[in-house]
Structure formats: C-alpha cells, structure tokens
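**Q** Quick one, fold the following:
(one chain, ligands or ions: 2)
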Amino acid sequence: MTLSFRRAAWTIVPGSAVIGLLLALRFFPLERPPAGTLRIERPVMGTLWSMEVDHHGRPEAARQAVEKAFDELRRIDALMSEWKPESPLSAINAGAGREMAGVPQELREIIERAIRYGEESEGAFDITWRGMGRIWRFDEQFAVPTRAEAAEARALVNYREIQIQGNRVGLPRAGMAIGLGGIAKGYAVDRAGLILSEDGFSDFLVAGAGDILASGKRLGQPWRVGIQDPRGERGALLGHVLLSGRAVSTSGDYERYRLVDGVRYHHIIDPRTGWPAGASISVSVIAGAAEKTDALATAIFVLGAEKGMALARREGVEALLIDANGKRHATEGFDRYRTTR
Ligand code: ADP
Ligand code: MG
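**A** Ligands and ions are numbered 1, 2, ... in the order given. Predicted coordinates:
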C-alpha cells in the first residue's frame, strides 16, 4: 500500500531564521489534522513549531496543555537565546574576557551537557562556534570571509575554555561567545513533550522544524515522519521513518546557506577549520530524546561518514548520513525505522 505525499505525516524541515519560517510554512503538512486530534502551529525561536495531540475526547484540556507547552518554548528561548541581549546566555557572552555571569542552573546544566557532546565528538560539536558568528552570518550582510578572517575567528572557538563555578559561567577571552543553536531546540522539544505528558496526553508529536519528538501513536499507528531529500525539491523525501516514543533530528546544509560563485556556505561550521563543514549534506539521528538527536545530528554532520557513524554507534543512536558525494551511510538500526508505507 502506498500513500501519497499529502498523507505523509510530517516533513522534516531543518529550522532557521526568517527564510526558514516562510519555507517551513509552505511545506508543513497540507492535510488537516484527523478527527480527534488537535494541531497548533506557531513560530517560536525563529522557526515554525507544530504540536499535534490525540486529545482522547478532551479537546479543551489538550488545547490548554499545548498552550502551556508553547509557553515553555518561549521561556526557554528567553533563557537561551544568543540573539536576545537580555537573555542569561547573552550575559555570559557580554562578559567574555571580563567577568563570569551568574545564570539559572538550567542554563548552566545544558552548557555542561553541550560540553560533553564536545568531548564525545572530539570538538566537532562546539557551542563556542558562536565566536565565528560574525563571519558566518546568513543574512543580507553575508560575505565570504577571507582565510585570514576565518583563522582569526576560529581562534575564538574552544569549548574547553568555558569556565564554570557553581552557577557562574564565563568565557576567558573577549570575542568568545556561546551559541546553543545546535542543541537548545532539541531540549525545548523534550520539555514541550514533558509538559504534554504531565498533563495526561501520551499520543503527540512535537516538531520544532528539524527536531521532532513522536510519542505514542497517531490513529493507532506509529507516527510517520518524512525525511527531506537534501538535493530534491522541498517536500521531496528520501523516505519515511515510523516512530513511537522516539525523537529524530535532521541537520542539513540546504536550509540556511548562501551560494557564492557556485560554492555553498551553510550554517554548520567545522570548528577545526573555521569553515562550513563539507563532509556531509544531510544527517538524521534517531534516539530517545530530542536534545540528544539535535546535538548528535550536528556533531555527526561535521565529522562525516567514518567518524560520524562511529560516534553514532558509541552513543547508541541510529543515524543516516548522506555524504558530500550523495552516498548513503546508515546504521543497521536506522533501517529498522524505515517504512515504505
Ligand atoms: P538547525 O538549527 O537548522 O536545526 P542544527 O541542529 O544542525 O540545525 O544546528 C545548526 C546550528 O547549530 C547552527 O545554526 C548554529 O547555531 C549551531 N552550530 C553551527 N556549527 C556548530 C558546531 N560545530 N557545533 C555546535 N553548534 C553549531
Ligand atoms: Mg542540531
């Protein structure tokens, strides 16, 4: 039996700022949510979010739970945004080279977990990548940096230099900065899911663009999630995975990028070179929690097939990687989630 694309449950659209939002709005599912389910879509953190809940006859309670979950996303954004000058994360960045900032424990803890992903990935995942944020900005002001500029910015990147004392966090050198764009969205997906569960709903999907948590069932079946073909039209899929009680994240080079003289400059930066990572074009990771899939999709993307798939195995997650030549690499377990249905 085959289902047409319009019946596809979800298309993974890796998130981004404004452009991503517009594109995501176009390519989120066209079908209406089925009877008995509630779906609400809204922009938060510069990307489109969607939550779908099987309300089991309690539509009003489900609506309230979803509202609470969206409040939670906004709370996390206010705490962890590197773009909001008033956020506690921005306080850390503003104090770089001068003073440590006292921050809420929750922020200190996600920074510690991010540092662990840095260690596990031998520095491929590095939240201090943000020190290169000035040269790798994907707005109208984008210009290809010179090698010298990239080298200079790269010298500001090293997660090992993050200082933590109790709930005070600091960066020792002026110009250093932390950006949680590779992990915070996954964390927010998990938190939104927790709120829906605590309110008594167990069949739901939370999607923050490319970071998705699928809990329970949809109409009695596992959730069916489409994976974008990184070089196809938007909405063209590599295939589908069936998920229940699992998260999936996709990192791609096709969501936020600039093409200059035929070269693609995209938003996942290899901290070792200071340049956009070139080994992969798309990585999808499946695991129990979205924070983990989010961080590892980014890390594996940077590492490329050989080291990236080794990292996936060490971390006990399933991964699908499309390398720069379009060749497919997958863990055995990943293919067990795939479906032709
Ligand atoms: P998206 O945010 O589009 O879902 P990813 O989860 O792959 O994509 O994360 C990419 C984001 O992570 C970038 O936009 C940037 O904020 C941040 N980032 C870029 N390079 C790195 C890196 N090497 N390590 C950690 N975070 C990174
Ligand atoms: Mg990520």
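
**Q** how many neighbours does whichever residue of the stretch 101-250 of the chain sits closest to ligand 1 have?
**A** Using C-beta to the nearest ligand atom, the single residue of the stretch 101-250 of the chain nearest to ligand 1 is Gly181, 2.2 Å away. (C-beta placed from N, C-alpha, C; glycine too.) For Gly181, the count of nearby residues is 23 (other C-beta atoms under 10 Å).

**Q** What about it? Give its phi and psi, please.
**A** Torsion angles at Gly181 (phi, psi; degrees, to the nearest 10) stand at phi -60, psi -20.

**Q** I figured it hits Glu82, correct?
**A** Yes - between Gly181 and Glu82 a contact is recorded at 7.3 Å, counting by C-beta atoms under 8 Å.

**Q** Need the overlap of contacts for these two.
**A** Counting by C-beta atoms under 8 Å, 6 or more residues apart in numbering, Gly181 and Glu82 have no contacts in common.

**Q** Report pLDDT for whatever residue of the stretch 51-200 of the chain ends up closest to ligand 2.
**A** Proximity of the stretch 51-200 of the chain to ligand 2 (C-beta to the ion) peaks at Gly182, 4.4 Å away. pLDDT recorded at Gly182 is 97.

**Q** just the one 5 residues further on next, same as before
**A** Tyr187 is assigned a predicted lDDT (pLDDT) of 98.

**Q** which residues sit in contact with it?
**A** 76, 80, 110, 290-291, 294.

**Q** Can you tell me which of those residues has the most neighbours?
**A** Going by other C-beta under 10 Å, Asp294 tops the contacts of Tyr187 with 33 neighbours.

**Q** about what we covered before: can you narrow the contacts of Tyr187 to ones near ligand 1?
**A** For ligand 1, the contacts drawn from the contacts of Tyr187 by C-beta under 6 Å from any ligand atom are Asp294.

**Q** pLDDT weak spots in the stretch 1-150 of the chain?
**A** 1-31 (pLDDT under 70).

**Q** picking that back up, contacting residues around the residue of the stretch 101-250 of the chain closest to ligand 1?
**A** Per C-beta under 8 Å, 6+ apart, neighbours of Gly181: 82, 267.

**Q** if I look at it, how far off is Gly200?
**A** 32 Å (C-beta to C-beta, to the nearest Å).

**Q** same check, this time on Glu122
**A** Distance from Glu122 to Gly200, by C-beta to C-beta: 43 Å.

**Q** Regarding the chain, what is its longest helix?
**A** In the chain, assigned by DSSP state H, the helix with the most residues is helix 59-80.

**Q** which of the residues in the helix or strand just after it are buried?
**A** For helix 59-80, the succeeding helix or strand toward the C-terminus, using DSSP states H and E, is helix 88-94. By neighbour count on 16 or more other C-beta atoms under 10 Å, the buried set for helix 88-94 is 88-93.

**Q** which residue ranges form the strands in the stretch 201-341 of the chain?
**A** 204-208, 211-215, 223-228, 237-243, 246-252, 257-260, 263-266, 269-270, 275-276, 280-287, 318-323, 328-330, 338-339 (DSSP state E, counting those that start in this stretch).

**Q** okay, the ones you listed in TSV with distance to ligand 2 and mean pLDDT next?
**A** Formatted as TSV, the strands of the stretch 201-341 of the chain follow (distance: least, C-beta to the ion, whole Å; pLDDT from 0 to 100):
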stretch	distance to ligand 2	mean pLDDT
strand 204-208	11	98
strand 211-215	7	98
strand 223-228	15	95
strand 237-243	17	95
strand 246-252	5	97
strand 257-260	15	90
strand 263-266	13	93
strand 269-270	12	97
strand 275-276	15	96
strand 280-287	9	98
strand 318-323	12	98
strand 328-330	18	97
strand 338-339	21	92
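
**Q** Dump those strands into a markdown table; add distance to ligand 1 and mean neighbour count as well.
**A** A markdown table is the format used below for the strands of the stretch 201-341 of the chain (distance: least, C-beta to the nearest ligand atom, whole Å; neighbours: other C-beta atoms under 10 Å):
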| stretch | distance to ligand 1 | mean neighbour count |
| --- | --- | --- |
| strand 204-208 | 8 | 28 |
| strand 211-215 | 6 | 28 |
| strand 223-228 | 12 | 23 |
| strand 237-243 | 17 | 20 |
| strand 246-252 | 3 | 28 |
| strand 257-260 | 11 | 14 |
| strand 263-266 | 9 | 16 |
| strand 269-270 | 4 | 24 |
| strand 275-276 | 8 | 18 |
| strand 280-287 | 8 | 27 |
| strand 318-323 | 13 | 24 |
| strand 328-330 | 17 | 16 |
| strand 338-339 | 21 | 14 |
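
**Q** on that earlier part again, for the residue of the stretch 51-200 of the chain closest to ligand 2, what are its contacts?
**A** Contacts of Gly182 (C-beta under 8 Å, 6+ apart): 114, 125, 127, 129, 268, 294-295, 298.

**Q** By neighbours, which of these wins?
**A** Most crowded among the contacts of Gly182, counting by other C-beta under 10 Å, is Asp294 at 33 neighbours.

**Q** which residue packs closest to that one, ignoring adjacent ones?
**A** Gly186 (2.6 Å; C-beta to C-beta, 6 or more residues apart in numbering).
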